[in-house]
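In: compute the structure for the input listed below.
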Amino acid sequence: MNRRDVLKLLSLAGLAAVSPVGISAVSAAEPSYKGPYWIMLNAGGGWDPTILCDPKGGTLNSNGDFTDESVNHFETPLDVGPFKVAPVGWSQDFAGTQVELYTSKRFVEDHGSRILVINGVDTQTNNHEVGNRVTWSGRPNDGQPALAALVAAFGAQDKDLPLAFLSAGGYDNTAGVVALARAESNLRVVQRVAYPNVINVENLGNENDPPTNFFTQETASRIQAAQSERLKAMAAREQLPNYKTGMNALLLAREGTGSLGALADELANVDPVNVPKAFPDEFGGLDQNAFGGDFRNLLTQSQLALHAFRAGVAVAANLNIGGFDTHSNHDNDQTRQMMKLLKAYDYIWKLAKELGIDDKLYVIVGSDFGRTPYYNEGNGKDHWNTTSMILAGPQIEGNRVIGATDAKFKPMRVNPKDVSQVLPDDDKTGVRIEPHHIHRELRRLAGLEGTKLDTEWGLPGDALPLLA
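Out: This next block holds a predicted model:
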């Protein structure tokens, strides 16, 4: 059984590719995939667009307190070009000094020229599982492949890319169209797996103190060959389907030398993310865990994905940070997580530019759904069907906002022939924007429109020219 047959069998079985073990190091060659690249950045738990790109203020009573009907605890949104943003941010006290992480205003000032904000997206659900699925696949039905999986399958066709779809969480169902590779949050682990014969992988690329091996290269090659032949023989003898597919999965993992070796070589001289070093002008001198391990993990996910793109071994990646299900202490917790998300977005584009791939990169930001336009008794907000998405990439015109919601955060309609025109919700000539409208447009940009993948996993409804 050759490697391509194994890949096909895995795809049919819907299995995920696992980290290769027992393989020899392979030097990085010319990248086999050269873009475009896709990042799906998920705010897990249900974010609140009314404190970001679809701001809703509150009203004060005669005592200067916000009324119970207030959507948020701020009065007036800010205007930044074509955008309106909430006047919120997050700062934290360190040794008596208030350090600002980020603000909604700074995010739009930094990235407004590249982003398209789509407001008033009706997910038609307030269920986490369904919301996560419809946001990232375009359909609420069980078993739908994520957009990232479809894009990865399309980009990896006729290429040896078992790492085509990297995922650190969020909705990453593949429906068998592509193998799934879990994005490791520790870069050194990737190198240790890719170079099992190397004792000290941290010395890779160090000319003054080069790494040493457990065995000679000849011995390591014989071990690898023996393992491969033994596994192939075991797979050929196996009759039970589950065991056979498991054996084939292991065979694929152990023979994935090209992709993982190229990625390991790409990472040889890359230091793991250190928060103060990543942002020396803002956070220099602070502790590595100053803003929480989830923030550092999100940066590491981003770092791995972007380097995998440059190495030519990945097409799409899911990045994920949770903590947005703020049923209590909403103002503090939601804002803190939102600012981490936005600061990671800033990091993604800066690193992509440094790596020379920013002109080929798409970044899509979304969440399960939105949050209620009122506070509950625990000073939190609950689930709400209305949300927003933020899109950026080479074929997406930035500095734009499409769609809107009313004062109580209910979706308004758009003119289906001119989506820049917002209509009242009772004007039935208009259309509410739903996730499938956005996905249809993104599939078109990705080159999927009309392909077998597109028709096999079709989307409901008519198209809206959101990205035309």
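In: H330 and D48 touch, don't they?
Out: Yes. The criterion here is C-beta atoms under 8 Å, and H330 meets it with D48 at 7.3 Å. Where C-beta positions appear, they are placed from N, C-alpha and C, glycine not excepted.
In: of the two, which one has the most company?
Out: D48 (30 against 22; other C-beta atoms under 10 Å).
In: next, work out how far apart the nearest residue to that one once chain neighbours are set aside and M338 are.
Out: Computed as C-beta to C-beta, 6 or more residues apart in numbering, the closest residue to D48 that is not its neighbour in sequence is R371, at 4.2 Å. R371 is 11 Å from M338, where distance means C-beta to C-beta, to the nearest Å.
In: quick one: common contacting residues for those two?
Out: Residues touching both R371 and M338 by C-beta atoms under 8 Å, 6 or more residues apart in numbering: 47-48.
In: circling back: now for H330 and D48: what residues contact both?
Out: 371, 381.
In: show the pLDDT at the residue nearest to D48.
Out: Among the per-residue scores, R371 holds a pLDDT of 98.
In: same thing with V108?
Out: Note for V108: predicted pLDDT of 97.
In: so how far is the host helix or strand of it off the chain centroid?
Out: Assigned by DSSP states H and E, V108 belongs to helix 104-111. In terms of C-alpha atoms, centre = their mean, to the nearest Å, the centre of helix 104-111 is found 20 Å from the chain centre.
In: now the element after that helix, going C-ward?
Out: Past helix 104-111, the next helix or strand by DSSP H and E is strand 116-122.
In: paired strands for that next one, with orientation please.
Out: Using DSSP bridges, strand 116-122 pairs in its sheet with strand 386-392 (antiparallel), strand 400-402 (parallel).
In: off-centre distance for that strand?
Out: 18 Å.
In: avg pLDDT for that strand?
Out: Here the average pLDDT along strand 116-122 is 98.
In: ok, and for whichever helix or strand comes after it, which residues are buried?
Out: Using DSSP H and E, the next helix or strand after strand 116-122 towards the C-terminus is helix 128-137. Neighbour counts over helix 128-137 (16 or more other C-beta atoms under 10 Å) mark 130-137 as buried.
In: just send these back as JSON lines, with distance to N297 and pLDDT too.
Out: Listed next are the buried residues of helix 128-137 as JSON lines, based on distance: C-beta to C-beta, whole Å; pLDDT from 0 to 100:
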{"residue": "V130", "distance to N297": "26", "pLDDT": "98"}
{"residue": "G131", "distance to N297": "23", "pLDDT": "98"}
{"residue": "N132", "distance to N297": "19", "pLDDT": "98"}
{"residue": "R133", "distance to N297": "23", "pLDDT": "98"}
{"residue": "V134", "distance to N297": "26", "pLDDT": "98"}
{"residue": "T135", "distance to N297": "21", "pLDDT": "98"}
{"residue": "W136", "distance to N297": "19", "pLDDT": "98"}
{"residue": "S137", "distance to N297": "24", "pLDDT": "98"}
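In: could those go into CSV alongside distance to D172?
Out: Listed next are these as CSV, based on distance: C-beta to C-beta, whole Å:
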residue, distance to D172
V130, 16
G131, 15
N132, 10
R133, 11
V134, 15
T135, 13
W136, 8
S137, 10
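In: nearest to D68, of those?
Out: Closest approach between these and D68, by C-beta to C-beta: G131, at 26.7 Å.
In: once you drop chain neighbours, what's closest to that closest one?
Out: D368 (3.5 Å).
In: tell me, what's the model's pLDDT at the one you found?
Out: Per-residue pLDDT puts D368 at 98.
In: what separates it from T386, distance-wise?
Out: Applying C-beta to C-beta to D368 and T386 gives a distance of 12 Å.
In: overlap of the contact sets of those two?
Out: By C-beta under 8 Å, 6+ apart, the residues touching both D368 and T386 are T123.
In: can you pull out the low-pLDDT segments for the stretch 201-350 of the chain?
Out: Along the stretch 201-350 of the chain, segments meeting pLDDT under 70 span 202, 204-206, 242-259, 289-290.
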